[in-house]
Structures are given as structure tokens and as C-alpha cells.
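Trainee: sequence plus predicted model, see below.
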Amino acid sequence: MDIRFAPMEGLTDAIYRRTHHQHYGGVSKYYIPFVSPTQHHVFTPKELRGIAPSRNAGIPTVPQLLAKDAEHFLWAACELKEMGYAEVNLNIGCPSGTVTAKGKGAGMLRDLFHLDAFLNQVFRKTPLPVSVKTRIGFESPEEWAEILEVLAQYPIHELIVHPRTRSSFYKAGTLCYDAFRTAAESCKLPLVYNGDLFEQTDCELLQRDYPGMPMMMGRGLVCNPALARMVCGGKGLERQEFRDFHDALYEAYRKELTREQAHSRMRELMIYMACCFDGAEKAAKGVRKSNPENYEAAINRLFDCPLATAPCFSQKGIGL
Ligand SMILES: Cc1cc2nc3c(=O)[nH]c(=O)nc-3n(C[C@H](O)[C@H](O)[C@H](O)COP(=O)(O)O)c2cc1C
């Protein structure tokens, strides 16, 4: 089983990736949340905290770029090659309004003429294999066939398909599985599936339809950090190692960040991980509303709740 950890800005940073890799494994590639190169051709200190090789040593990582300008993309790809990376990922799926307003991320899907010209320049000069993470349209899945036609012209290392449109953001019930089928049937590029793989049975169903298909997981894996290991035939989530994982993360954040920043990081992560407990609504709310002073007490109350028998991400659970 080939499982990839989706990039998740604000959640799967270098500390999280390192801690997850040490405690759980089961992931063949961790994608680093996007870096957005500008005309200044320098990485910011924040970006370097994500991509510096020393921060990712021993972890199979793929950096991701958000760009609409081939020149900036190619500058960053050269820098990443110098750093020792073997692949770079292009994000043409980010649905955020501030990103698409600049014509980046899923905004690239609105202008296929520009996307084609961009890819043309990129693939003529790229120093690294380029994988692409895409959605299936901006407004409607009907745009997908034309998008695929553009993408299929290029030697894309892997095409990661999240079968939602930009307008669907991450809303439940909006996944368009048929669009993935279209890609699997008509496109010769190596594909990776991404979207709503929240529990083992979701992965089994995908593998039934597409045996051997690499799977990228985001929210489901942040919620249940043992999910990839379990899907690979290993053991499921266990209480003590879950607690140890939490404590190791918190300690690492406390070492690097202020108490307030560490609390804020942990709170975001725990809002997802709280879905792994049964009858924990009140305790989870306590974590959501905690402050740096009472966070540890709130976490103790959460870990006093029983683990769910089949831990699973739920959008309701995290109040989305
Ligand atoms: C909080 C958050 C941050 C994300 N950040 C990124 C990102 O930096 N780059 C990217 O390509 N996708 C990003 N995504 C999208 C995820 O990588 C993934 O495609 C999405 O969550 C769907 O997969 P899932 O259903 O397994 O969660 C983000 C999603 C969320 C919810």
C-alpha cells in the first residue's frame, strides 16, 4: 500500500511530520504545505522552517510550490534541487479566496490557456520531476475533461487528483468520484487519489476499484495518526502511544515556539484528533476553548475518554 500524507498548511509542519514519522510511519511521502515563490527569489524564514533539509532529515518529503509564474516556479525548483529534493509538487488545487484571487492554486484552473503556457515553460526547463495536485474544475466538474487534456500533454511525474471543484471547498457530499474514474480510464499519467479517505473501509473500496492506486490522506490521517499504518496491515490506534504522540508534539512545539504559539498549534491538531474518542463532545469543547494555562488539564480530560472502536474523522466532530 502506498500512502501519502497530504500537505495541510497550519497542521502538518516540520515538527508534526517528524513526530508522526517517528511514532507511526506507514507513509511513503509527506508533502510539505505550499511555499509561494515571488519575484524576490528568496525563501522567507517561515518557508525555510518548512523546507530546510535539516528540518526534514530522514523523512521522505516532497516540497510543494504555489505559483502562476513559470520563472518563479523554476527559480524555486532549482533551489529545492540544490537542497537535495528529488521531486517538486505544483499546487493547482488550493481553493482559498486569497490564493485564487491572485490566479494561483485552483485559480489556475480558470484560465487553461495560461495553465498550458505555464506548464510548457516549466517542463522545458525544470531541474526536477514535477508532480501536480489538482482539483477537477473551478465551478463545475464539466471543466475536468478540458483540464485533463491540458495536463495530459506534459510528462507529469504524478497527478494527484482531489475530485472536487474549487466551489465545493471541502464540503461533505461534494466528492465527484466519476471524475476520478474519467482520469483513470482516459489519462496515461501516473495517478494518486486524494479525498475523503477517513477510515480503512474507504481505502479498501478505493483499492477494490483501483488496485495498487497510491492514496493521499489529509484530514483522516491528522485525525487518526495510526490510519496509514493500519491500512498497511499494522496495528490501529492505541491509547498510550496516542498520548505519547501528543506529548512529544507538545514538547517539540514548546521548545521551538512561545507558549501561546505552541498552544495554538496543538489546539488546531487536537480539534481533529478529538474525533478519535467516544463520548468526548464536552472534553473536546474544553480543548477548543482552552487557553495556554488550562490546556494540559483540558487534554487530560480528553484522554480520560474511551478511544472510539473505529476512530474516524468527522466534519461534525470538529465543528465544520
Ligand atoms: C487546513 C488545511 C490545509 C491545507 N493545506 C494544503 C496545502 O498547503 N497544499 C495543498 O495542496 N493542499 C492543502 N490542503 C488540502 C489537503 O492537502 C487535501 O487535499 C484535502 O484535505 C482533501 O483530502 P482529505 O479528504 O484526505 O482531507 C489543505 C486542507 C486543509 C483542510
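Mentor: Arrived safely, thanks for sending. Numbering: from 1, shown residues only.
Trainee: for the stretch 151-300 of the chain, which segments count as helices?
Mentor: For the stretch 151-300 of the chain, helices defined by DSSP state H, counting those that start in this stretch occupy the ranges 177-186, 200-209, 219-223, 227-231, 239-256, 259-273, 281-288, 295-303.
Trainee: give the contact list for the residue of the stretch 201-320 of the chain found nearest the ligand.
Mentor: Nearest to the ligand in the stretch 201-320 of the chain, going by Cβ to the nearest ligand atom, is residue 218, at a distance of 2.9 Å. C-beta coordinates here come from the backbone N, C-alpha and C atoms, glycine included. Residue 218 sits next to 5-6, 8, 194 when contact means Cβ atoms under 8 Å, 6 or more residues apart in numbering.
Trainee: how about residue 38?
Mentor: Taking Cβ under 8 Å, 6+ apart as the criterion, residue 38 is in contact with residue 72.
Trainee: and the gap between it and residue 47?
Mentor: Relative to residue 47, residue 38 is positioned 10 Å away (Cβ to Cβ, to the nearest Å).
Trainee: okay if I get the helices of the stretch 151-300 of the chain as a markdown table plus mean pLDDT and mean neighbour count?
Mentor: Putting those into a markdown table (pLDDT from 0 to 100; neighbours: other Cβ atoms under 10 Å) gives the following:
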| stretch | mean pLDDT | mean neighbour count |
| --- | --- | --- |
| helix 177-186 | 96 | 16 |
| helix 200-209 | 96 | 14 |
| helix 219-223 | 97 | 25 |
| helix 227-231 | 97 | 23 |
| helix 239-256 | 97 | 16 |
| helix 259-273 | 96 | 19 |
| helix 281-288 | 94 | 17 |
| helix 295-303 | 97 | 17 |
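Trainee: out of the ones you listed, which is closest to residue 149?
Mentor: Nearest to residue 149 among those is helix 177-186 (9.2 Å), distances taken as Cβ to Cβ.
Trainee: tell me the domain ranges of the chain?
Mentor: 32-195, 239-303 (automatic domain parsing).
Trainee: would you tell me which of the ones you listed gets closest to the ligand?
Mentor: The ligand lies closest to domain 32-195 among the domains of the chain, at 3.5 Å (Cβ to the nearest ligand atom).
Trainee: quick check: end-to-end length of that closest one?
Mentor: Domain 32-195 has an end-to-end distance of 17 Å (criterion: Cα to Cα, to the nearest Å).
Trainee: nearest residue to residue 140 in space, ignoring adjacent ones along the chain?
Mentor: residue 165 (6.2 Å; Cβ to Cβ, 6 or more residues apart in numbering).
Trainee: how close does that neighbour get to residue 63?
Mentor: Separation of residue 165 from residue 63 (Cβ to Cβ) stands at 26 Å.
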